[in-house]
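In: I would like the atomic coordinates for the input below:
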Amino acid sequence: VGTFGELLILFRFTPNHMLQAQNISFHAGSKLLFTDVNFTLEGKGKKIVGLIGRNGCGKSTLLKVINGDEKPDTGKVNNYREEVAYLPQQIDFEDSTYVGEFLEKEIDPLLEEYKMEIALNTVGLTMDYFYNEVKKLSGGEKMKVAFARMMIHEPTILLLDEPTNNLDMPGKIWLQNFLKKFKGSVILVSHDRSLLNNVANVIWEIDPATHNLLSFTGNYDTFLETKKIAEEKQLHQSLKDKKEITRLELWLREHEFHPKYRFSNRVMAIKKTLERARANKTERPPSNTKIKMQKIENEKGNLRIVLEVEEKKFGTRTVLKDIKLKVYHRDVIHIKGENGAGKTTLLNILAAEDKDFSGFLEISESTRIAYLNQESVRDPKKKIIEVFEQETGLRNTEARKKLAHYLFFGEKVFDPISILSYGELKRLDFAIALANKCNVMILDEPTNHLDIFTREEIESFLLESGIAIIFVSHDQHFVDKLIPTKVLEL
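Out: Residues are numbered from 1 along each chain as shown. Okay, here's the model as predicted:
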C-alpha cells in the first residue's frame, strides 16, 4: 500500500512535459554572465525563442547550461520528459568520413537504420547521402546533415547556436522553412534580424545592466518597439522621481532648522518621504556603449580598380571565368552567389592576395584597400596593442586612444589575440582598417558572429563613410541597408 501510495503521489505531482530553469546564474571567471534566470518551455507550446544580447554576454553558455554541458553556479535546470537536441556553433563531425558514420553514432545501426532514413527525409535529404563524403558537402548540406542527426531521436525542443553562420541564402531559406514546420519549441541564438523577424514569436534578451533574462512577446521588430516604449516610460519616471527628490531636498535645506519648523512633525515627515523616494527611485535606462568608428576624410583623387578575370582555376576545376569589374569612389558593390561560387576567391584577387589567375588587376596609386576577410591570421600570442601598433604605425597614447573608440579600454588592450571573441576580432579589424585611412573596404561576411547592436553601428558607419565598399554577405538586412550601387552575381 505504501509503495502504491508513493507512486500515486509521484504521478499526481510530477509536472507535465516541460523544460524549466530555476534561478540559474553563471560566472566566467570573475565576470557575471547571467543571474536569476527563470523560464518554463514546453515542446508542445510551439515557441520559437530568439535569444539575443551583446557578444560575450553568455548566450552560448546559457544554451550549454540548459543542455547540461555546463553546470550553473546557482539554481538548476529541470527536464520533465522533453527530448532536447543541441546544435553548437561549430559542428563537430568527429572525424567521420561519410555522412552515414556521423549519423550512426546516435543509434544502433543494425536495429534502427530506419530512423536515419526518416531523419534524412525530415530535412529534405535521401539515403543517397548516406555514403557521401563529409568533406565534399557544402555549408548548407552540412547543416542539413547536422539537423538530421538531431532529428533521429524525435526532439521536442531544439537548442540552436547561430545556425545561419556560413549559410548562403538558399540555406537560410531552408532553415527558416524548417523551423516554421517544426512541431516543437526552439531556443535560437541568432544575430540574423531577418530570421528573427520571420520565425521568432518570443525574444529573450540577456540584459547588459542587470544580467537578467528579459522576455518579450513577438518577433525582433516587435521587441524593439516594446523595449523603446518601456525605456521611454522608465526615463520619464526617472526624471519625475529625480525632480521630486530635488524638491524635497530643497524644502529641508530651507526649513529644517527654521525656528518655525524645528520641533515640527512636518520635518520628520518630509525626511521619511525623502528616504522612501531615494530608496524607490527609478534609475535611468542604461545606454548601450557604442563603438566610435573613425570617419575617413574623402580626398579628391583617382580611386580606381579595374579587374578582368579570364579564368581562375583550382587544379583542373574552373572557379571563375569572364569576370569584369570596375570600382570607383563611393561604389557599393555586392558580390553574391551560392556557397562554392567563388565569392571569397574573387575578393582575394581584388585585394591582390591571389595573383594566380588569367587576366589583370589595376589599382590606382591613391587607392588604399583594407581587406577584412573571414579568418584572422594574426599571431594568437600577441597582445591587442602589439598587433594594432604593428599594423598601423601608431604608438602608445595615440594607439590606446584609437582602440578605446572600439571598446578596447584600459587593461583590455593587453589581452592576447587568442582569447578574443569573433566580435572583438572584427572590431579590431575595423579599428586597424580605419586607422590606416583606407578608402576602399573589401568585406567578406562582415556581420558573421557580430551581435545585432554592433552590426547596426557598422551599417550606420558604412552608410555615412562615403568610402567604396565591395562586400560578400548573406545577411539580407545588411544588404538592404547598404543599398548596393552594383550587384555582381557569380
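In: quick one: contacts for the nearest residue to residue 261 once chain neighbours are set aside?
Out: Among residues not flanking residue 261 along the chain, residue 255 sits closest, at 4.7 Å (CB to CB, 6 or more residues apart in numbering). Quick note: C-beta positions are derived from backbone N, CA and C, even for glycine. Going by CB atoms under 8 Å, 6 or more residues apart in numbering, residue 255 touches 261, 266-267, 270.
In: hmm, try it at 10 Å
Out: The neighbourhood of residue 255, defined by CB atoms under 10 Å, 6 or more residues apart in numbering, consists of 261-262, 264, 266-267, 270.
In: Just put those in a markdown table and tack on secondary structure, pLDDT and distance to residue 436.
Out: Shown next, in a markdown table, are the contacts of residue 255 (DSSP: H, G, I helix; E, B strand; the rest coil; pLDDT from 0 to 100; distance: CB to CB, whole Å):
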| residue | secondary structure | pLDDT | distance to residue 436 |
| --- | --- | --- | --- |
| 261 | coil | 71 | 67 |
| 262 | coil | 68 | 70 |
| 264 | coil | 76 | 70 |
| 266 | helix | 84 | 67 |
| 267 | helix | 84 | 65 |
| 270 | helix | 89 | 61 |
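In: List the buried residues in stretch 188-207.
Out: 188-206 (16 or more other CB atoms under 10 Å).
In: Could you tell me how far stretch 421-428 lies from the centre of the chain?
Out: 11 Å (CA atoms, centre = their mean, to the nearest Å).
In: now do stretch 102-119
Out: Using CA atoms, centre = their mean, the mean C-alpha position of stretch 102-119 is found 33 Å from that of the whole chain.
In: Need the mean per-residue confidence for that stretch.
Out: Averaged across stretch 102-119, the pLDDT comes to 78.
In: Render the CA-only coordinates of the host helix or strand of residue 51 in CSV, please.
Out: Residue 51 belongs to strand 48-52 when assigned by DSSP states H and E. Below are the C-alpha coordinates for strand 48-52, written out as CSV (Å, rounded to 0.1, in the frame of the first residue of the first chain):
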residue,chain,number,x,y,z
ILE,A,48,10.4,29.8,-31.2
VAL,A,49,12.5,31.9,-28.9
GLY,A,50,15.1,34.3,-30.3
LEU,A,51,17.9,34.6,-27.7
ILE,A,52,19.8,37.9,-28.2
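In: OK, contacts around the closest residue to residue 205 other than its chain neighbours?
Out: Nearest non-adjacent residue to residue 205, counting by CB to CB, 6+ apart: residue 214, 4.8 Å away. By CB under 10 Å, 6+ apart, residue 214 lies in contact with 52-53, 203-207, 223, 227, 230.
In: Return the subset of the buried residues of stretch 188-207 lying in helices.
Out: Taking DSSP state H as the definition of helices, those contribute 193-199.
In: Same list (those residues) but as CSV, adding distance to residue 145.
Out: Shown next, in CSV, are these (distance: CB to CB, whole Å):
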residue, distance to residue 145
193, 27
194, 24
195, 20
196, 24
197, 27
198, 23
199, 21
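In: Pick the one among those closest to residue 137.
Out: residue 195 (21.7 Å; CB to CB).
In: close enough to count as contact, the closest one and residue 178?
Out: No - using CB atoms under 10 Å, residue 195 is not in contact with residue 178, being 11.4 Å away.
In: The host helix or strand of residue 323 - contacts with which helices or strands?
Out: In this structure, residue 323 is located in strand 317-328 according to DSSP H and E. Packing partners of strand 317-328 (3 or more CB pairs under 10 Å, 6 or more residues apart in numbering; DSSP states H and E): strand 304-314, strand 332-336, helix 343-350, strand 358-363, strand 440-444, strand 468-472, strand 486-489.
In: I'd like those written out as TSV, with mean pLDDT added.
Out: Converted to TSV, the helices and strands packed on strand 317-328 look like this (pLDDT from 0 to 100):
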stretch	mean pLDDT
strand 304-314	89
strand 332-336	93
helix 343-350	91
strand 358-363	91
strand 440-444	92
strand 468-472	93
strand 486-489	92
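In: Tell me which of these sits nearest to residue 396.
Out: Nearest of the helices and strands packed on strand 317-328 (CB to CB): strand 440-444, 27.0 Å.
In: Put the alpha carbons of the closest one into CSV.
Out: C-alpha atoms of strand 440-444 as CSV (Å, rounded to 0.1, in the frame of the first residue of the first chain):
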residue,chain,number,x,y,z
VAL,A,440,38.2,51.0,-50.2
MET,A,441,36.9,48.3,-47.9
ILE,A,442,36.6,44.7,-49.1
LEU,A,443,34.4,42.8,-46.7
ASP,A,444,33.9,39.0,-46.6
